[in-house]
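Participant: Return atomic coordinates for the entry below.
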Amino acid sequence: MSLRVWDEQVVPRLTELCLRAPELHELRAVTCAGLTGRVLEIGFGSGLNLRWCPPEVTSVTAIEPSDRAWGLSEERRERAGTPVERAGLDGQRLDLPDDSHDSALVTFTLCTVPDPLLALREARRVVRAGGRLHALEHGAAPEESVRRWQRRLEPVQRAVFAGCHLTRDVPGLVEAAGWHVEDLDQAYVAGTGPARPWTYVYRLVAG
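Facilitator: Here you go, the predicted model:
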């Protein structure tokens with residue numbers, strides 16, 4: 001199997017399987033709470049956040065590079081009461097007007113975007129003044145012992161999961177992109193034990 005086929009056909013299915021785990025449902029629900037109006041979602045994936053979008057969300061502008069992931073989202077989009085439009089493939093370069101959205105959402109995506117700062121700055125440009133960024137991401141753990149394993153495992157992780165990093169400082173990236181973190185929770189996903197290098201998550205809201 002070629003690397004291209006693996007990245008384009010297999011990785012989206014593996015990602016969808018891992019990220020629909022029941023222990024992530026509550027985290028997604030809390031992350032999506034408070035979203036309003038027209039929402040920009042960078043890394044729409046297979047649409048796992050749609051069920052958690054509150055009634056105040058009027059539409060979702062989906063940025064998703066994978067045709068396979070977009071196809072996997074079809075049933076969720078059909079069931080959702082919220083209109084969804086796929087409006088681009090690259091979160092680093094959005095063909096969207098300034099100040100055109102009320103909120104932004106990014107979940108388990110900044111680990112894979114080649115330049116997460118650029119993507120976060122694009123979201124900052126597209127979201128109107130007073131709008132909020134809601135994020136749920138995995139990244140660098142607080143303990144040096146776990147970070148050492150993250151650094152060791154990261155080359156394999158990037159090769160197997162289409163560039164996914166384990167060591168990114170998510171709040172630091174958000175702040176560096178011009179957002180101000182207003183609410184932040186960070187912890188290991190419950191019950192993950194030996195999987196700690198992969199399961200330290202940040203949930204935040206920034207304005």
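Participant: tell me which residues in the helix ranked longest in the chain are buried?
Facilitator: Counting by DSSP state H, the longest helix found in the chain is helix 144-160. The neighbour-count check on helix 144-160 (16 or more other C-beta atoms under 10 Å) flags 146-147, 150, 154, 157 as buried. For glycine as for every other residue, the C-beta is placed from the backbone atoms N, C-alpha and C.
Participant: any idea which of those residues is closest to Asp90?
Facilitator: Closest approach between the buried residues of helix 144-160 and Asp90, by C-beta to C-beta: Gln157, at 21.5 Å.
Participant: Tell me the spacing between that closest one and Leu48.
Facilitator: Per C-beta to C-beta, to the nearest Å, Gln157 is found 20 Å from Leu48.
Participant: How are the helices of the protein distributed by residue range?
Facilitator: Using DSSP H, helices in the chain cover 3-5, 11-19, 25-32, 67-72, 74-79, 116-126, 144-160, 170-176.
Participant: Any chance of those in CSV with distance to Gly207 and mean pLDDT as columns?
Facilitator: Output for the helices of the chain, formatted as CSV (distance: least, C-beta to C-beta, whole Å; pLDDT from 0 to 100):
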stretch, distance to Gly207, mean pLDDT
helix 3-5, 39, 65
helix 11-19, 26, 82
helix 25-32, 15, 96
helix 67-72, 29, 94
helix 74-79, 28, 95
helix 116-126, 10, 98
helix 144-160, 29, 95
helix 170-176, 11, 98
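Participant: So which of those helices is the most surrounded?
Facilitator: Of all the helices of the chain, helix 116-126 carries the top mean neighbour count, a mean of 21, counting by mean count of other C-beta atoms under 10 Å.
Participant: Who are the packing partners of that one?
Facilitator: strand 37-42, strand 101-107, strand 127-138, helix 170-176 (3 or more C-beta pairs under 8 Å, 6 or more residues apart in numbering; DSSP states H and E).
Participant: among the helices of the chain, which is nearest Tyr200?
Facilitator: helix 144-160 (7.1 Å).
Participant: Show me the contact partners of that closest one.
Facilitator: Applying C-beta atoms under 8 Å, 6 or more residues apart in numbering, the contact partners of helix 144-160 are 11, 140-141, 164-167, 196-198, 200.
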